[in-house]
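A.B. asks: mind folding the following:
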Amino acid sequence: MGPVLITGICGRLGRALARRLHRETKVVGIDRRPFRGKPKDIVHHELDIRRKRAKDVFRTERPEAVVHLGVMHDPRASSAEHHSWNVSGFSKVLDYAAQYEIPKVVVLSSANVYGPRPDNPQFLEEDAPLLAGSNFSEMRDLVEVDMIAQSFFWKRPQTETVLLRPVHILGAVHNAPSNYLRREVVPTVMGFDPMVQVIHQDDVVEAIRRSLEPSIRGVYNLAGPAPTAVSRVIEVAGRGRLPLPHFAFRAALKRMWRFGATSFPAPELDFIRYVCMVDDSRARRELGHQPQHDLLATVRAIDDYG
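C.D. replies: Next up, the predicted model:
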């Protein structure tokens with residue numbers, strides 16, 4: 001495996017991937033944040049992926065693969081900043097990958113792009129429509145990034161493009177599912193207890209590593225242990241559960257959001273009301289994706305956050 005360039009390397013998932021890969025190959029990172037505790041042999045360029053200097057990194061480092069993890073999920077960032085960072089920044093990454101003929105591009109998307117809906121089939125395959133943006137405006141950029149990656153896949157067949165859509169990632173990560181389960185008492189929507197899928201962050205890291213192998217290309221759903229109900233996940237996390245009527249829960253979230261008292265926009269309630277599960281058989285068959293963490297280990301990993 002030749003040099004790998006990771007965008008968004010300073011996020012917790014990016015750092016975990018870098019530490020996994022640097023024993024096997026040269027790792028180069030681009031992130032405007034500092035990389036605290038960086039291993040000495042990892043090269044980190046502390047800059048904004050949208051700046052012209054980022055192009056120089058591609059030109060001088062000449063990576064054989066790019067892993068794009070640099071998607072902004074901050075729901076409090078403005079829509080203009082979201083679009084500039086997620087869509088414009090990602091488009092530049094793909095432009096540089098094409099210009100310098102990088103053989104492999106891996107993009108981490110999310111199974112959330114399918115959208116939680118009452119009419120979803122039990123398991124969604126990779127060709128299912130991406131409907132998350134229809135009811136949740138904050139998801140539109142993620143859907144657009146996913147579609148740009150798919151377009152690049154068809155426009156540039158000489159590049160092995162891999163698009164990964166993991167289910168809810170749990171672990172020492174700062175994301176909505178892990179933050180939701182870290183509460184001492186976890187609120188739920190009264191009358192709803194949908195089946196959900198979760199995956200340990202280390203299993204996502206391993207799937208990314210596998211996707212860097214030669215001849216791997218395409219779209220892959222990633223899942224972890226067998227699906228289980230939201231209430232069961234909360235129970236395994238060792239938290240209490242507080243069922244609330246939907247109208248009251250939604251109104252409270254909107255009020256708390258307005259005053260900066262929560263990081264959860266009200267539309268995210270649909271993820272604990274409706275099913276959004278995926279069929280990951282293709283990843284298991286073609287990537288050899290075999291999650292190593294059971295439900296207990298996956299859910300309890302949220303407490304590793306420090």
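
A.B. asks: which stretches of the stretch 101-250 of the chain have low pLDDT?
C.D. replies: 137 (pLDDT under 70).

A.B. asks: tell me which residues touch residue 199, please.
C.D. replies: By Cβ atoms under 8 Å, 6 or more residues apart in numbering, residue 199 lies in contact with 166, 167, 168, 169, 170, 222, 223, 224, 291, 298. The C-beta positions use only the backbone N, C-alpha and C, and glycine is treated the same way.

A.B. asks: quick one: which of these sit in strands?
C.D. replies: Among the contacts of residue 199, the members falling in strands (DSSP state E) are 166, 168, 169, 170, 222.

A.B. asks: ok, those residues vs residue 36, which is closest?
C.D. replies: residue 169 (21.2 Å; Cβ to Cβ).

A.B. asks: may I have the beta-bridge partners of that closest one?
C.D. replies: residue 199 (DSSP bridges).

A.B. asks: re the thing from before, among the ones in strands among the contacts of residue 199, list the two that are farthest apart in space.
C.D. replies: It's 170 and 222 that sit farthest apart of the ones in strands among the contacts of residue 199, by Cβ to Cβ, at 12.8 Å.

A.B. asks: the helices in the chain, which residues?
C.D. replies: Using DSSP state H, the helices of the chain run over 12-21, 53-61, 79-82, 89-99, 132-135, 140-155, 176-181, 201-211, 230-236, 246-258, 281-282, 295-300.

A.B. asks: dump the residue contacts of residue 117.
C.D. replies: 131, 270, 274, 275, 276.

A.B. asks: again, only this time at 10 Å
C.D. replies: 124, 131, 132, 134, 135, 270, 273, 274, 275, 276 (Cβ atoms under 10 Å, 6 or more residues apart in numbering).

A.B. asks: ditto for residue 93
C.D. replies: Counted by Cβ under 10 Å, 6+ apart, residue 93 has contacts 5, 7, 30, 49-50, 54, 58, 66, 68, 70, 102, 105, 107, 148-149, 152.

A.B. asks: would you mind listing which of those are buried?
C.D. replies: Among these, those buried by neighbour count (16 or more other Cβ atoms under 10 Å) are 5, 7, 30, 49-50, 54, 58, 66, 68, 70, 102, 105, 107, 148-149, 152.

A.B. asks: of the ones in strands among the contacts of residue 199, buried ones?
C.D. replies: 166, 168, 169, 170, 222.

A.B. asks: tell me the one among the residues you listed nearest to residue 197.
C.D. replies: For these, the nearest to residue 197 is residue 168 (6.8 Å; Cβ to Cβ).

A.B. asks: from residue 202, how far off is residue 283?
C.D. replies: Look at residue 283 and residue 202: by Cβ to Cβ, to the nearest Å, they are 16 Å apart.
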